[in-house]
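Engineer: got a sequence here, can you build the structure:
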Amino acid sequence: MDCLFCKIAAGEIPSTKVFENDDVYAFLDIAPQAPFHAVIIPKKHIKCADEITPENSGIIAKIFEAIAIISKEQGLENGYRIVNNCGEDGGQTVGHLHFHMLGRRALAWPPG
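Structural biologist: Predicted coordinates for the structure are as follows:
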């Protein structure tokens, strides 16, 4: 499989790690949209939210458990935003389920 995020999680492509456990890997985004901008991915390849099933949905809980740890480690006590894009019209540019975590600035709604 030629997946950019699978290669990052495997250490084949360098990244700036902010969190890792057996199931989840988080790294700083290379084009940050906020002072803190991490990408959180499952290590197991899931293309997008459309591929979440009863068999693999437990990874979503593990991702959000990681998000809680990251928010504390990064001092995001004033809040942060979690974004998931699914499919081309949703703005997904890498075909691997991932969540963007943005913080350390006030974020407007709706986003631009």
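Engineer: now do the lengthiest helix in the chain: distance to the chain's middle.
Structural biologist: For the chain, the helix that runs over the most residues, judged by DSSP state H, is helix 58-73. Averaging C-alpha positions (C-alpha atoms, centre = their mean, to the nearest Å) puts helix 58-73 10 Å from its chain's average.
Engineer: hey, C-alpha coordinates of whichever helix or strand comes after that helix in PDB?
Structural biologist: As assigned by DSSP states H and E, the chain's next helix or strand after helix 58-73 is strand 80-83. In PDB, the C-alpha atoms belonging to strand 80-83 read as follows (Å, rounded to 0.1, in the frame of the first residue of the first chain):
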ATOM      1  CA  TYR A  80      -9.000  23.500  20.600                       C
ATOM      2  CA  ARG A  81     -10.800  22.200  17.500                       C
ATOM      3  CA  ILE A  82     -10.900  18.700  16.100                       C
ATOM      4  CA  VAL A  83     -11.600  18.400  12.300                       C
END
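Engineer: what strands line up against strand 80-83, and which way round?
Structural biologist: Here strand 80-83 has these sheet partners by DSSP bridges: strand 99-103 (antiparallel).
Engineer: next, the angle from the strand it pairs with to helix 58-73.
Structural biologist: With axes from the mean of the first three to the mean of the last three C-alpha atoms, to 10 degrees defining the directions, strand 99-103 sits at 20 degrees from helix 58-73.
Engineer: how near is the residue sitting nearest the centre point of the chain to residue 108?
Structural biologist: The residue lying closest to the centre of the chain (C-alpha atoms, centre = their mean) is residue 40, at 2.3 Å. As judged by C-beta to C-beta, to the nearest Å, residue 40 and residue 108 stand 22 Å apart. No exception for glycine: its C-beta is placed from N, CA and C like everyone else's.
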